[in-house]
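Enquirer: Here is the input, now give the coordinates:
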Amino acid sequence: MGTVIIRDLLENCSSLEHLEIADFDKEKAIQLKTQLNDKRLGASFVNIKDPSTMASVLDQATIVINSTPYYNNVDVMKAALEAKCHYIDLGGLFHVSKKQLELDEQFKKAGLMAVIGMGAAPGLTNVMAASAALELERIHAIDIVVGCADFTITDHPFMPPYALETLLDEYCKEPMVYEDYDYVAKAPMSGEIAIEFPQPVGNVLAIYTLHSEVLTLPTSYSLKGLQRATFRLGLPMDFHNKLKFLSELGFSSAEPVNHSGGSFVPRKILAEMIKLIPSPPSEPDDAEVIRVDVTGSLEGKHKFIRHESIIKTDKVRKISCGALDTGVPPSIVADMILNGEIARKGVLAPENCVPQSMFFERLAKRNIVVTKEELIKETVYS
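Expert: Next up, the predicted model:
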């Protein structure tokens, strides 16, 4: 995702003067800089857990885009505050996002903006919901579903499409839903439903997973009477079954397990075992559908609005759909901040600060097209 963000900024951000690739593995940062061969790029070492190195890297920055695992978000935000730079990330899995929102007053006082959860989901999903909300006087429900299909030919038995620890947490932590005007925890991997998506994704089984849209949307649309907000994820069935099996065995646990040979953390062992299996180079071939259904009313009539986007592999640049639709949105929003097109201050969810039409237009230029479908009925939802 970070690589896609960097490439998109270089290709599309006209006001970009310098972009620093900061990573704990400096050699990888240097390799990427060399590969992209752009004079605006720099590469440096950073340790997120060391405030001094964070501050030195961000000292001259206008914006930091954080594409590290979600549990680092608060640390990077605090470093952004110290360095007096704006902040964007890819999401905080509800509970971390809640902690991030607590920094709102500090960002306002510093005259800074933090856009939290600005990837695909959360991010694009929030802006889709906001676009529908503009057309409704009352909102009953916002239901978000992401369905995925993967046709990549590989011999690797278990290759995560994005950060393994995020995936494991989505499957093992209690997902939150908003129902009857309250946040409710559900059982992990519950809420399974079959959904028919457009091809090439097709039929997918989707489950509740922990996501930050469910945290912010109810607050953003409380005055319009939002009663329900849900997020479901439908991964490719083969991968879903493997991930579910590993989670049920306990390999998603972050708690140490003691035995006669010593102590180990199951998810760390799983990650290391995945790395040990050779993975011959293969070109990505996948697709996903991002769908946001909003139901409510306008002028006494029930109204249903569906925003949807079908994202496919970028075959030319060999970028998977998930990396593409997660990496492009924060790049667009960073460009908007640099150009003064977004000027609010504080810690903000995307639905509260990203101009929808402009955002969708710029997505379309990257071949990520958002469609809208509406249905009006005479009956009013009560």
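Enquirer: Following the chain past the lowest-mean-pLDDT helix or strand in the chain, name the next helix or strand.
Expert: One helix or strand of the chain scores below all others by mean pLDDT, DSSP states H and E: helix 51-58, with a mean of 84. Later in the chain than helix 51-58, the nearest helix or strand by DSSP states H and E is strand 63-66.
Enquirer: Which strands border that next one, and is each parallel or antiparallel?
Expert: Here strand 63-66 has these sheet partners by DSSP bridges: strand 86-89 (parallel).
Enquirer: and the following helix or strand past the strand it pairs with, which residues are buried?
Expert: The helix or strand immediately downstream of strand 86-89 is helix 95-101, counting by DSSP H and E. Using 16 or more other C-beta atoms under 10 Å as the test for burial, helix 95-101 gives 95-97, 100-101. For glycine as for every other residue, the C-beta is placed from the backbone atoms N, C-alpha and C.
Enquirer: repeat for stretch 170-177
Expert: Per 16+ other C-beta under 10 Å, stretch 170-177 contains these buried residues: 170-173, 175-177.
Enquirer: Doesn't T295 lie inside a strand?
Expert: Yes. Per DSSP: H, G, I helix; E, B strand; the rest coil, T295 lies within a strand segment.
Enquirer: partners of it in the sheet?
Expert: Counting by DSSP bridges, the residues bridging with T295 are A141, F304.
Enquirer: was I right about it contacting A133?
Expert: No. Counting by C-beta atoms under 8 Å, T295 sits too far from A133 to count as a contact (11.2 Å).
Enquirer: Name the residues contacting each of these two.
Expert: When contacts are counted by C-beta atoms under 8 Å, 6 or more residues apart in numbering, T295 and A133 have I139 as shared neighbours.
Enquirer: residue boundaries of the strands in the stretch 101-250 of the chain?
Expert: 113-115, 138-150, 176-179, 182-185, 193-196, 203-208, 228-234 (DSSP state E, counting those that start in this stretch).
Enquirer: Now distance to M159 too, for these, in CSV please.
Expert: Shown next, in CSV, are those (distance: least, C-beta to C-beta, whole Å):
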stretch, distance to M159
strand 113-115, 30
strand 138-150, 9
strand 176-179, 28
strand 182-185, 30
strand 193-196, 24
strand 203-208, 19
strand 228-234, 17
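Enquirer: Indicate which one of the ones you listed is closest to I30.
Expert: Nearest of the strands of the stretch 101-250 of the chain to I30, taken as C-beta to C-beta: strand 113-115 at 28.5 Å.
Enquirer: So which elements touch the closest one?
Expert: Applying 3 or more C-beta pairs under 8 Å, 6 or more residues apart in numbering; DSSP states H and E, one finds that strand 113-115 contacts strand 86-89, helix 321-338, strand 346-348.
Enquirer: can you map out the helices along the protein?
Expert: Assigned by DSSP state H, the chain shows helices spanning 2-12, 26-36, 51-58, 73-83, 95-101, 104-109, 124-133, 164-172, 213-220, 237-249, 266-276, 321-338, 356-364.
Enquirer: Which positions in the second one come out as buried?
Expert: Read that as helix 26-36. 29-30, 32-33.
Enquirer: contacting residues around it?
Expert: 3, 6-7, 10, 21-23, 41-45.
Enquirer: can we see that at 6 Å?
Expert: Here helix 26-36 makes contact (C-beta atoms under 6 Å, 6 or more residues apart in numbering) with 21, 23, 41, 43, 45.
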